[in-house]
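J.: Sharing a model prediction with you, sequence too.
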Amino acid sequence: MKKTSVIILALALGLSACAGGANGDAAKQPGTPVADPVIAIQGMEFVDGTVTVEAGTTVTWEWSDGSMQHNVVLDDFESPLQSSGTYEHTFEEPGTFDYHCQPHPFMTGTIFVVAAEGV
C-alpha cells in the first residue's frame with residue numbers, strides 16, 4: 001500500500017510540474033534585453049528562440065539545419081521558406097511577439113520587446 005501511495009504522489013508531482021505554475025510562467029516572462037540577438041534554426045528548433053530586446057532592435061534568424069526548409073512566421077510578417085542564410089526584422093514597438101515555423105508548427109519562439117532605456 002505504501003509503495004502505491006509513493007507512486008501516486010510522484011506522478012502527481014510530475015504532472016503538476018508539467019502543468020506550468022509559477023515556474024512554467026517564468027519561462028514566458030521578459031528577461032534582460034539582449035543586444036544584436038541571433039537565433040539559430042538548427043535541429044528542428046529555434047535555438048534560444050525566446051529573447052528580450054529593446055524597441056528598435058533588429059533580431060536575426062540564421063538557418064543552420066542542413067537542407068531542411070524553415071521560415072519565421074508572426075502575425076504581421078513572415079520570412080521566405082529557406083534552408084540557408086539569414087532573415088532580419090527590426091522590432092520598433094514594445095510587446096510580446098510569438099512566432100513559429102509554418103511547415104513545423106511545433107517550432108516556436110517569443111520575442112519580448114521592452115521600451116528602450118532612457119526613452
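T.: Received the coordinates, thanks.
J.: any idea how far Gly43 is from the nearest residue to Gln42 once chain neighbours are set aside?
T.: In space, and not counting its chain neighbours, Gln42 is closest to Ser64: 4.3 Å by Cβ to Cβ, 6 or more residues apart in numbering. Where you see a C-beta, it was placed from the backbone N, CA and C, and this is true even at glycine. Ser64 is 9 Å from Gly43, where distance means Cβ to Cβ, to the nearest Å.
J.: shared neighbours of those two, which are they?
T.: Contact criterion Cβ atoms under 8 Å, 6 or more residues apart in numbering; residues shared by Ser64 and Gly43: none found.
J.: care to break the chain down by domain?
T.: 1-30, 31-114 (automatic domain parsing).
J.: Give me the spatial nearest neighbour of Phe46, chain neighbours excluded.
T.: Gly109 (4.2 Å).
J.: re earlier: pretty sure the residue nearest to Gln42 sits against Ile41.
T.: Yes: look at Ser64 against Ile41 with Cβ atoms under 8 Å: they come within range, at 6.3 Å.
J.: hmm, who's touching stretch 29-48?
T.: Applying Cβ under 8 Å, 6+ apart, the contact partners of stretch 29-48 are 49, 51-54, 57-65, 68, 70, 99, 101, 104, 107-109, 112, 114.
J.: likewise stretch 102-112?
T.: Residues outside stretch 102-112 that contact it (Cβ under 8 Å, 6+ apart): 28-31, 39, 41, 44-46, 49-53, 59, 69-71, 73, 78, 81, 91, 96-101.
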